[in-house]
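K.L.:
Following is a predicted model, sequence given first.
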Amino acid sequence: MRQAGFTLVELIIVMAIMGVLMAIATANWNQMQKKNAVEGEAKALYADLMAVRLDALYTKRPRSVVVTSTGFNVYSSSLTTVGPASGKSLRYPLKWTPASPVLTLTFDVGGLSTAGADTSICVDPDNNLAVTSGAVDSIVVSTARIKLGKREGGSCEVSGITQR
């Protein structure tokens, strides 16, 4: 008479295959979580910069944003020596060009940036400007526009960012 069921070897092989698949799924899940966090931070920074720009435009008063590698502060005028009106800390560090210890963006009464040259701000999750797999990971601030972008090279130069 024949017995129905699985042998111990068959069960161990199935469990080993399931373990390998779970390891692959976990690695991909962590990568996807990081990609989404980088995209979310870039989009949140973009939204906050646009809000400051529009606030300067609608109130007819200049506004400033001081960006550091760990966050940014918003000022209710062009003076950055007084206390900030609001601020935000960021999960991942930021890099920008032109390089300086802090980046100060001022929007005049017309909502235009007074920085002169285009400025790029990049979310840098690994602190080495490696290319991320996210759809957006950078912001380019020009005189009249703020655009999201994707770094195509290892640097945070405006020329190496595909603007969207």
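P.N.:
Perfect, thanks for sending it. Predicted, not measured: the structure shown is a model, and the values here were computed from it.

K.L.:
Mind listing the strands the helix or strand bottoming out on mean pLDDT in the chain pairs with, and their directions?
P.N.:
When each helix and strand of the chain is scored by mean pLDDT, DSSP states H and E, strand 161-163 comes last, with a mean of 87. Strand 161-163 pairs in its sheet with strand 146-151 (antiparallel), by DSSP bridges.

K.L.:
Work out for me the element residue 28 sits within.
P.N.:
Residue 28 belongs to helix 8-59 when elements are defined using DSSP states H and E.

K.L.:
for residue 153, same thing?
P.N.:
When the helices and strands are read off by DSSP H and E, none of them contains residue 153.

K.L.:
Test my guess that it contacts residue 162.
P.N.:
No - proximity of residue 153 to residue 162 does not meet the contact threshold set by C-beta atoms under 8 Å, at 10.2 Å. In this view, the C-beta of every residue, glycine as well, is placed from N, C-alpha and C.

K.L.:
before we move on, the earlier item: may I see the buried residues of the least confident helix or strand of the chain?
P.N.:
Neighbour-count burial for strand 161-163, with 16 or more other C-beta atoms under 10 Å as criterion, is recorded at 161, 163.

K.L.:
Distance from it to the middle of the chain?
P.N.:
Centroid separation between strand 161-163 and its chain, computed with C-alpha atoms, centre = their mean, to the nearest Å, is 14 Å.

K.L.:
got the contact list for it?
P.N.:
Strand 161-163 is contacted by residues 120, 122, 138, 140, 147-152 when judged by C-beta atoms under 8 Å, 6 or more residues apart in numbering.

K.L.:
how about JSON lines for those, with neighbour count, pLDDT and distance to residue 80 added?
P.N.:
Supplementary listing: those in JSON lines, determined by neighbours: other C-beta atoms under 10 Å; pLDDT from 0 to 100; distance: C-beta to C-beta, whole Å:
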{"residue": "120", "neighbour count": "24", "pLDDT": "91", "distance to residue 80": "21"}
{"residue": "122", "neighbour count": "25", "pLDDT": "90", "distance to residue 80": "22"}
{"residue": "138", "neighbour count": "31", "pLDDT": "91", "distance to residue 80": "24"}
{"residue": "140", "neighbour count": "21", "pLDDT": "93", "distance to residue 80": "22"}
{"residue": "147", "neighbour count": "15", "pLDDT": "93", "distance to residue 80": "24"}
{"residue": "148", "neighbour count": "19", "pLDDT": "94", "distance to residue 80": "25"}
{"residue": "149", "neighbour count": "21", "pLDDT": "91", "distance to residue 80": "26"}
{"residue": "150", "neighbour count": "19", "pLDDT": "90", "distance to residue 80": "30"}
{"residue": "151", "neighbour count": "24", "pLDDT": "87", "distance to residue 80": "28"}
{"residue": "152", "neighbour count": "12", "pLDDT": "84", "distance to residue 80": "32"}
